[in-house]
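Engineer: I would like to see how this sequence folds:
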Amino acid sequence: MITKLASEILNGAETKAGVYNVDFLTSLTLTNALNDAYRTAYQEIAMSDSDFYVKDYRFTEDDLSELNDGWYDIPKGVYIVKSVTINDVEVPRCPPKEKIAGTYQIANGRLKFYGNERAPITIHYIPDPQTVTVPAESKELYLDPATVIEWGRMTEKGFYYKTNGGQFYYDFATNESSTVVTFQAINKKYHEGIIDYGEDYIRVVNPDDPEDVYEDLSDDYVVGDENPIVSVVVDDPYMMVSYKDGTIIVVSETFQTIWNIKARSGHKTLGTIHDLKTDDETLYGCLYEDEDGKLWLSSFVPDTMMNYPTNALFTMLEVNLACLLMSMNGIANEYISIDLKNETIAEFRKELAQNRAMPVRISNQRRSIVVRI
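Structural biologist: Coordinates of the predicted model:
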């Protein structure tokens, strides 16, 4: 198994193209292009005979109790169902508009088995492709977080906070604080309610009645008595959870992972997130206190970690981006060309056709695939 960070792939493309210190807009363009190229490759992997990326989901008694006229709801996050088995025996798919005993059918995100519906049915599937993200470099803020007694609302331009000396607004542009008459509290709106949390629970509750729980997220994000929750901040649809051991996770509708903006340096990203205000254009948006007590304006997106059995995928992506980067800068490079780009694509497809001997199967027993710390 070979692992690469998204930032390493972008840096590899810059090295191959001979273009360095790219500006933010160019970096954003490359990240978008990386996502496009990765999704195209992912589609080929998903449609191949390779077992790489395959996960299993076994329908439980809870799923059985939710049957609607014999149909199972397929879990969220399933991209392609590769096969269906009962007691480890593969079940054939039913031809369209037929109902043959011992077969299954999939329609509108649901699965129907024509036979004993209470048998232990397992689907083997490819999950949705991850969204590839690359964090921007953090900006240090000149405020000692130890002096803050209450963190207020964060905006795209700054944030509110209170100390024993009064209430203030910190301006990102000037790196200066000014006193304010009106203090704005942290935003807690999330989904259909507001976020409510403690050391061992996270809930979405009715803003008018905290006892009215809309969603209990504790099962997914409470990790144990020895590592309680320190803070939960939200900017719907994003949520960031900080734990006592310094671990931070970031959650959205499309990904959920450990926040790792320092991964490229080989260090864990530890600390606490004090507030969150996402900006999809700049990718900045979280108020981060690191393990050394310094305060930063940081990207809310992590440095995506990508896995594949060989370097073929990563080489193809780097060369693809290098060609784009050279085109954007109007330069030529005798080592990087369209011919090389096509060669790397051919090599990737050749290895893909051969890698059935390198299966990697990951089992999950829960309906939602969550990060466990």
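Engineer: where exactly do the helices run in the stretch 251-373 of the chain?
Structural biologist: Assigned by DSSP state H, counting those that start in this stretch, the helices in the stretch 251-373 of the chain fall at 312-329, 338-354.
Engineer: Arg110: neighbouring residues, count only.
Structural biologist: Counted with other C-beta atoms under 10 Å, the neighbours of Arg110 add up to 15. Using the backbone N, CA and C atoms, a C-beta is placed for each residue, glycine as well.
Engineer: sorry, back to before: so of the helices of the stretch 251-373 of the chain, which one's packed in deepest?
Structural biologist: Highest mean neighbour count among the helices of the stretch 251-373 of the chain (mean count of other C-beta atoms under 10 Å): helix 312-329, with a mean of 21.
Engineer: Point out where the stretch 101-250 of the chain drops to low pLDDT.
Structural biologist: By pLDDT under 70, the low-scoring segments of the stretch 101-250 of the chain are 116-119.
Engineer: Show me where it has its helices.
Structural biologist: 218-221.
Engineer: quick one: contacts for the most centrally placed residue in the chain?
Structural biologist: With distances taken as C-alpha atoms, centre = their mean, the residue of the chain nearest its centroid is Phe255 (2.7 Å). By C-beta atoms under 8 Å, 6 or more residues apart in numbering, the residues touching Phe255 are Gln130, Thr131, Thr133.
Engineer: can those go into JSON lines with extra columns for neighbour count?
Structural biologist: Formatted as JSON lines, the contacts of Phe255 follow (neighbours: other C-beta atoms under 10 Å):
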{"residue": "Gln130", "neighbour count": "18"}
{"residue": "Thr131", "neighbour count": "15"}
{"residue": "Thr133", "neighbour count": "23"}
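Engineer: and the longest helix for this protein?
Structural biologist: Across the chain, the helix with the greatest residue count (assigned by DSSP state H) is helix 24-47.
Engineer: Following it in sequence, what is the next regular element?
Structural biologist: strand 55-58 (DSSP states H and E).
Engineer: what about dumping the CA coordinates of that following strand to PDB?
Structural biologist: Below are the C-alpha coordinates for strand 55-58, written out as PDB (Å, rounded to 0.1, in the frame of the first residue of the first chain):
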ATOM      1  CA  LYS A  55     -16.000  -2.400   1.600                       C
ATOM      2  CA  ASP A  56     -18.600  -4.700   3.000                       C
ATOM      3  CA  TYR A  57     -21.900  -3.900   4.700                       C
ATOM      4  CA  ARG A  58     -24.100  -6.600   6.200                       C
END
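Engineer: Next, the buried residues of it.
Structural biologist: For strand 55-58, a neighbour-count test (16 or more other C-beta atoms under 10 Å) marks Lys55, Asp56, Tyr57 as buried.
Engineer: how about the nearest residue to Glu14, chain neighbours excluded?
Structural biologist: Tyr20 (5.7 Å; C-beta to C-beta, 6 or more residues apart in numbering).
Engineer: Burial check on that neighbour, number of neighbours?
Structural biologist: Other residues lying near Tyr20 total 8 when counted by other C-beta under 10 Å.
Engineer: Over to Pro75?
Structural biologist: With other C-beta under 10 Å as criterion, Pro75 counts 19.
Engineer: I'd guessed it sits against Tyr57; true?
Structural biologist: Yes. Between Pro75 and Tyr57 a contact is recorded at 5.6 Å, counting by C-beta atoms under 8 Å.
Engineer: Domains in this protein, by residue range?
Structural biologist: As given by automatic domain parsing, the domain ranges for the chain are 55-127, 139-299.
Engineer: for the ones you listed, which one ends up most surrounded?
Structural biologist: It is domain 139-299: most buried of the domains of the chain by mean count of other C-beta under 10 Å, with a mean of 17.
Engineer: For it, measure first residue to last.
Structural biologist: 9 Å (C-alpha to C-alpha, to the nearest Å).
Engineer: Give the residue spans of the stretch 251-373 of the chain that score low on pLDDT.
Structural biologist: 254, 264, 331-337, 355-373.
Engineer: how about the strands in it?
Structural biologist: 256-258, 271-276, 284-290, 295-299, 305-308, 362-363 (DSSP state E, counting those that start in this stretch).
Engineer: out of these, nearest to Lys341?
Structural biologist: When the strands of the stretch 251-373 of the chain are compared by C-beta to C-beta, strand 305-308 sits nearest Lys341, at 18.2 Å.
Engineer: can you list contacts of that closest one?
Structural biologist: 1-6, 9, 38, 52, 130, 132, 257, 260, 263, 313-314.
Engineer: redo that, cut-off 6 Å
Structural biologist: Residues outside strand 305-308 that contact it (C-beta atoms under 6 Å, 6 or more residues apart in numbering) are Met1, Ile2, Thr3, Lys4, Leu5.
Engineer: got it, and stretch 316-323?
Structural biologist: The contact list for stretch 316-323 (C-beta under 6 Å, 6+ apart) reads 9, 12-13, 16-17, 30, 33, 37, 336, 340-341, 344-345, 348.
Engineer: that older thread, would you mind telling me which of the strands of the stretch 251-373 of the chain is nearest Pro120?
Structural biologist: Closest approach to Pro120 among the strands of the stretch 251-373 of the chain (C-beta to C-beta): strand 362-363, 13.7 Å.
Engineer: if we can go back for a sec, just give me the closest of the contacts of stretch 316-323 to Gly224.
Structural biologist: For the contacts of stretch 316-323, the residue nearest Gly224 by C-beta to C-beta is Ile9; the value is 34.6 Å.
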